[in-house]
Structure formats: C-alpha cells, structure tokens
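Participant: Quick one, fold the following:
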Amino acid sequence: MITSVHTLVYSEDPEATRAFLRDVVGWNYTRDEKSAPDWLIFKSGASEVGVHPRMGGEGAARWEQPVHHELSLMCDDIEVTVAELRDRGAEFSGEITDMGFGRGLSMRLPGAGTILVYQPQHAVAYNL
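Facilitator: Residues are numbered from 1 along each chain as shown. Model prediction:
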C-alpha cells in the first residue's frame with residue numbers, strides 16, 4: 001500500500017534550500033543519519049496529486065505545456081501566509097493574482113528557482 005508522497009527538490013545550493021524550508025517555511029524535519037550531516041527530510045504536511053492536461057483551449061486562448069511535474073504549496077489564507085513568509089525573509093515575484101484554480105504567486109526558493117504558493121479555489125483532497 002502507498003503510504004505517502006515523497007517530493008524531491010533538486011537544488012544548486014541544497015544547504016540554502018534546506019535552511020529556507022526549515023527556517024522560513026517552518027517545516028518540521030528529521031535528519032537522515034546515514035546521509036550527509038545536513039541532509040534533512042521535511043514533513044511537508046498533507047498532500048494531494050492532480051493530473052492536468054498538457055494542452056487545451058481554442059484559438060487565441062489555446063495553451064500548451066511540456067510534460068512535466070510541478071510542486072506547489074497550498075495555504076488557507078494567501079495574504080496572511082505571504083505576510084508571514086515575507087516577515088521570515090521569503091521573496092516573491094509579482095503580486096497575488098487569481099489563477100483560476102486559486103489565488104497565488106511565485107516564491108523564490110534559494111538554489112532551486114521558484115515555487116507556487118496558492119490558496120485553492122478548487123475542491124481539495126488532502127483532508128479526505
């Protein structure tokens with residue numbers, strides 16, 4: 001039986017990314033003593049998996065994405081969450097926008113690009 005989802009973030013600076021997830025995002029973690037000394041494995045909270053189409057729309061509204069996988073962080077109140085994360089040093093690009101499926105924006109993840117933080121406007125499965 002599948003017991004959980006293990007998400008991987010590949011980083012140019014793993015120590016900075018781990019420190020950010022520990023100190024700014026505030027996730028609890030365990031240390032994997034069999035790995036490098038600072039190898040942290042984070043409890044990321046409840047999870048869910050959505051499968052999206054690769055392309056859609058018609059005419060000028062047509063869109064297409066390459067086959068890929070994406071990690072997003074969900075929250076209950078985007079304004080409060082962004083303010084708390086900013087207070088702890090997080091950097092965001094742009095402003096909170098309505099993305100159709102929720103309201104969100106991209107947060108800089110040190111050494112690993114950006115990650116979407118959003119408040120869902122869709123039915124959620126993580127609490128089933």
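
Participant: Just give the strands next to the helix or strand hosting Glu95 in its sheet, each with its orientation.
Facilitator: If you go by DSSP states H and E, Glu95 is part of strand 92-98. Using DSSP bridges, strand 92-98 pairs in its sheet with strand 102-108 (antiparallel).

Participant: Need the residues that contact the partner strand.
Facilitator: With contacts defined as CB atoms under 8 Å, 6 or more residues apart in numbering, strand 102-108 is touched by 72-74, 78, 82, 85, 90-97, 114-122. C-beta: built from backbone N, CA, C; applies to glycine.

Participant: in the strand holding Glu95, what counts as buried?
Facilitator: Neighbour counts over strand 92-98 (16 or more other CB atoms under 10 Å) mark 92, 96 as buried.

Participant: Stretch 104-117 too?
Facilitator: For stretch 104-117, a neighbour-count test (16+ other CB under 10 Å) marks 104-107, 109-112, 115, 117 as buried.

Participant: Same question for stretch 81-91.
Facilitator: Under the neighbour-count criterion of 16+ other CB under 10 Å, stretch 81-91 has 81-82, 85, 90 buried.
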